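Undergrad: Show me how the following folds:
(one chain, ligands or ions: 3)
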Amino acid sequence: MFFSCALVSLSLLLATTHAAASPKAPQARTVVQWDVGTWVENVAVRSNGQLIVTMLGVPEIWAVDPVKSTKSLIASLPGVNGVLGIDELAPDVFAIAAGNFTLATATTTPGSYSIWTLNAKTNVVKKAVDVPGAAMLNGLTTLDAVKGDVLVSDSGLGTVIRINAYTGATKVVISDPAFAPPAAGIQIGINGIRLSKGPKKTLYFNSFGSSSFGGVPVAADGTPTGPVKFIAQNVGSLDDFALSPCGSYAWDVANGQNELFKISLKNGTATLIAGALDSALIPGATSAAFGRTSKDKDVVYVTTSGALAAPINGTYIEGAKVVAFNVHGL
Ligand SMILES: *[C@@H]1O[C@H](CO)[C@@H](O)[C@H](O)[C@H]1NC(C)=O
Ligand SMILES: *[C@@H]1O[C@H](CO)[C@@H](O)[C@H](O)[C@H]1NC(C)=O
Ligand SMILES: *[C@@H]1O[C@H](CO)[C@@H](O)[C@H](O)[C@H]1NC(C)=O
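TA: Ligands and ions are numbered 1, 2, ... in the order given. Next up is the predicted model:
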């Protein structure tokens, strides 16, 4: 599929968000929904098309079949109350961040975080390592599948940590003011992270606290080879995102604004694709992922938290859900 992808310059611009005209709203379909009070935090996709979603408030991992619109609980992690970032490490083996985060007060328990692996064929979960020095492990992206290295964002300390999901070796590789939590309000700075494909890698990140999306070039070991820069600012309280298969855009969600954006990696233009502050389409959107089969490669799956943290119009909440958007041609 590489030939069909437009080449993207990796030069990062210090840009404020350009407003872009919104295209026609894409077709949306609710795939599955849980009970009121649930929070789906993140999502990864298996090569067979099944979605793996993580929950906050309960230490649960669920499988979702987007074709049959069914869901099933596949694992519960002991000793924690929530599951966060997830990415595929080896075929059908996923690395996962977990820890204690209290939804009611939006506060983390520093020292309670750990990294796990899930074998999606057997549903066996295994703890790789406790990370006692972390305040809030949140986003997770695979760095080196051969070695088993992942990068994990620490939303509380404003760092990116390299962790080996097999040996447990842990090292802080990036620490930057752009990752830090805000001076006031919910203490979450850097949130979702995703690594670009290709030989020259950029680590893209959301800053929840500063409503910004940015990037930093990194070496094969995850250490920075250039400065951390914002690409788009004032977008919304950005949670997690997916990079488009061609690597030109971040499909990003603003949790507090219930919105899905497409952000150009080249120039930071953020285009509102779906949702609104007062809309129940994707209340409290938390993450996004592209389908991986020929049938759903143009589908972006958005997960939600039912607006638990910021009820719509001050009162409306609903159960967490997965919504499929067909973004073909957008
Ligand atoms: C995290 O939460 C679990 C389950 O609620 C609890 O058993 C454990 O003691 C907590 N750990 C910390 C460090 O607070
Ligand atoms: C920004 O880049 C996108 C492609 O990534 C392009 O379609 C758009 O026209 C550009 N906008 C500006 C303002 O340069
Ligand atoms: C929020 O209020 C606006 C204005 O009254 C209304 O149009 C919208 O449907 C409401 N949203 C929800 C989710 O109830």
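Undergrad: Return the residues of the chain in contact with ligand 1.
TA: Residues of the chain that fall close to ligand 1, judged by CB under 6 Å from any ligand atom: 79-81, 100, 109, 111-112. Backbone N, C-alpha and C define where each C-beta goes, glycine included.
Undergrad: Among those, name the buried ones.
TA: Listed as buried from the residues of the chain next to ligand 1 are 80-81, 100, 112; burial here means 16 or more other CB atoms under 10 Å.
Undergrad: Tell me which two in the residues of the chain next to ligand 1 are the farthest apart.
TA: Based on CB to CB, the longest span within the residues of the chain next to ligand 1 runs between 81 and 111 and measures 13.8 Å.
Undergrad: Which residue is the nearest non-sequential neighbour of residue 186?
TA: The shortest distance from residue 186 to any non-neighbouring residue, by CB to CB, 6 or more residues apart in numbering, is to residue 106 (4.9 Å).
Undergrad: What is the burial count for that neighbour?
TA: For residue 106, the count of nearby residues is 13 (other CB atoms under 10 Å).
Undergrad: go on, residue 261?
TA: Residue 261, neighbours per other CB under 10 Å, totals 29.
Undergrad: Quick one: residues contacting it.
TA: Residue 261 makes contact with 235-236, 251-254, 270-273 under the criterion CB atoms under 8 Å, 6 or more residues apart in numbering.
Undergrad: And residue 244, by the same measure?
TA: Applying CB under 8 Å, 6+ apart to residue 244 gives the contacts 250-251, 290.
Undergrad: Could you do residue 288 as well?
TA: If you count contacts by CB under 8 Å, 6+ apart, residue 288 has them with 43, 240-242, 251-253, 260, 300-303.
Undergrad: go on, residue 192?
TA: 85, 138-139, 153, 205-206, 238-241, 252, 287 are the contacts of residue 192 under CB under 8 Å, 6+ apart.
Undergrad: ok, and the closest non-adjacent residue to it?
TA: Among residues not flanking residue 192 along the chain, residue 240 sits closest, at 3.2 Å (CB to CB, 6+ apart).
Undergrad: Tell me how far residue 117 lies from residue 95.
TA: Distance, residue 117 to residue 95, using CB to CB, to the nearest Å: 6 Å.
Undergrad: Now do the shared contacts for these two.
TA: 89, 128, 165.
Undergrad: Check the second one and give its pLDDT.
TA: You'll see residue 128 listed with a pLDDT of 97.
Undergrad: just to confirm, which helix or strand has the residue nearest the centre of the chain in it?
TA: Most central in the chain under CA atoms, centre = their mean is residue 240, positioned 2.9 Å from the mean C-alpha point. Residue 240 is part of strand 238-243, with elements assigned from DSSP states H and E.
Undergrad: Quickly run through the sheet partners of that strand, with directions.
TA: Using DSSP bridges, strand 238-243 pairs in its sheet with strand 249-254 (antiparallel).
Undergrad: Next, see if the partner strand gets close to ligand 2.
TA: No - Strand 249-254 is not in contact with ligand 2 by CB under 6 Å from any ligand atom; minimum separation 6.6 Å.
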